[in-house]
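In: sharing a sequence plus its predicted fold:
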Amino acid sequence: MPLEKAIGIIDLLAGHNVFEINLIGGEPFLHKDLFEIIKHCEKHELAISVVTNGTLLGQEVIEKLASIRRFVLIVSLDGLKSTHDYIRGEGVFQRVDSALKGLLEKDVAVEVIDTLNSVNLSEYREVIKYCQNLDIPCNFSLFKPFKPEHNALIPDPEEIFTIIVDLLSLRSGSDGYKKIGLSNAAIVADLLGLPPRNECRATLSGLVIDVFGRMITCPSLVAAGYYKEEELPFFDENFLEIWKNHETFVRFRENGFRECQARAYTFSNNVQGYDPYGVNAFKEFRAS
């Protein structure tokens, strides 16, 4: 996205009381104007987060990040050395490890996100120990396949559910690591015996704008090919009205938030279909 367009979008969002900007990719640090975009967010006193693979975080970049206020960096870490390198590329773990330690030396707020898939399921506890040693939050999300070549990375649902139960136990125990983040609020609420919660909050508390300036309901549904291009409206000064009332957004909300529409579509070709990783499947798992 051109810098001028990004600045115009930020100005409009800030003018309508948006308070947080999350910059994602692809890889945000490949954008030649990323720091100008970040500085413009900072000018509006927005909270800023950036999701990165951590490979472009040299000392000069870290020094710049250390000067930004209300900022957090979220770094992908899908295992320790051999596993992460297998998934992300040879030598990537070492670069990420060096970057994380450099960020901490400069007091940059940083978190890790581990995307669970069939390759790295057995190593989630090692990732937690690694993060515990650095005293940084360790968040877990679930891999979503969008292409045929992703099929080999699809994890077994029962293994995922077993890990979720263990992660909550690790976080809740008296000597557990409290900085473990779990992405499925519906399953966590069920485990804790709390009132039912939805897993998804897309289009309710936030808005995604893609590189072309289109307003997105759910990036995962877009990646899965669910939408036709003309169904996604472009961001403009009427974005609040579009966000609330455009048929694409209204239809998405009507389809429900209890489980992940993107996973349901991927596995059943129906956004209201069966989600093998959702709370209903989890309840079946617990009952079996």
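Out: Thanks, I have it. Numbers count the residues shown, from 1 in each chain.
In: for residue 182, give me its contacts.
Out: 139, 140, 164, 167, 168, 171, 188 (Cβ atoms under 8 Å, 6 or more residues apart in numbering). Using the backbone N, CA and C atoms, a C-beta is placed for each residue, glycine as well.
In: ok, now with 10 Å
Out: 139, 140, 141, 163, 164, 167, 168, 171, 188, 191 (Cβ atoms under 10 Å, 6 or more residues apart in numbering).
In: out of these, which are buried?
Out: With neighbours counted by 16 or more other Cβ atoms under 10 Å, these contain buried members at 139, 140, 163, 164, 167, 168, 171, 188, 191.
In: now, those residues that are in strands?
Out: Of the buried ones among the contacts of residue 182, the ones assigned to strands by DSSP state E are 139, 140.
In: against residue 54, how distant is residue 93?
Out: Noted for residue 93: a distance of 9 Å to residue 54, by Cβ to Cβ, to the nearest Å.
In: circling back: want to try a markdown table for the contacts of residue 182, with distance to residue 262 and pLDDT as columns?
Out: Formatted as a markdown table, these follow (distance: Cβ to Cβ, whole Å; pLDDT from 0 to 100):
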| residue | distance to residue 262 | pLDDT |
| --- | --- | --- |
| 139 | 18 | 97 |
| 140 | 17 | 97 |
| 141 | 12 | 95 |
| 163 | 20 | 97 |
| 164 | 18 | 96 |
| 167 | 22 | 96 |
| 168 | 23 | 94 |
| 171 | 26 | 93 |
| 188 | 19 | 95 |
| 191 | 23 | 94 |
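In: out of the residues you listed, which one sits closest to residue 79?
Out: Of all those, residue 140 has the smallest distance to residue 79: 12.0 Å, by Cβ to Cβ.
In: the closest one reaches residue 117, doesn't it?
Out: No - Residue 140 lies out of contact with residue 117 (Cβ atoms under 10 Å); the separation is 11.2 Å.
In: between those two, which contacts overlap?
Out: residue 160.
In: helices of the stretch 1-150 of the chain, start to end?
Out: 3-15, 34-43, 59-66, 81-88, 92-105, 124-134 (DSSP state H, counting those that start in this stretch).
In: can I get the CA coordinates of the first one in PDB?
Out: The C-alpha atoms that make up helix 3-15 are tabulated as PDB, following Å, rounded to 0.1, in the frame of the first residue of the first chain:
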ATOM      1  CA  LEU A   3       2.400   5.600   2.100                       C
ATOM      2  CA  GLU A   4       0.000   8.400   1.200                       C
ATOM      3  CA  LYS A   5      -2.900   5.900   1.100                       C
ATOM      4  CA  ALA A   6      -1.900   4.400   4.500                       C
ATOM      5  CA  ILE A   7      -1.700   7.800   6.100                       C
ATOM      6  CA  GLY A   8      -5.100   8.800   4.800                       C
ATOM      7  CA  ILE A   9      -6.600   5.600   6.200                       C
ATOM      8  CA  ILE A  10      -5.000   6.200   9.600                       C
ATOM      9  CA  ASP A  11      -6.200   9.800   9.700                       C
ATOM     10  CA  LEU A  12      -9.800   8.600   9.100                       C
ATOM     11  CA  LEU A  13      -9.600   5.800  11.600                       C
ATOM     12  CA  ALA A  14      -8.200   8.100  14.300                       C
ATOM     13  CA  GLY A  15     -10.800  10.700  13.600                       C
END
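In: by how many degrees do that helix and helix 34-43 diverge?
Out: Here the directions of helix 3-15 and helix 34-43 differ by 20 degrees (axes from the mean of the first three to the mean of the last three Cα atoms, to 10 degrees).
In: pull out the buried positions in helix 3-15.
Out: For helix 3-15, by 16+ other Cβ under 10 Å, it's 6, 7, 8, 9, 10, 12, 13, 14.
In: was I right about the third one contacting residue 237?
Out: Yes - if you go by Cβ under 10 Å, residue 8 and residue 237 touch, sitting 9.5 Å apart.
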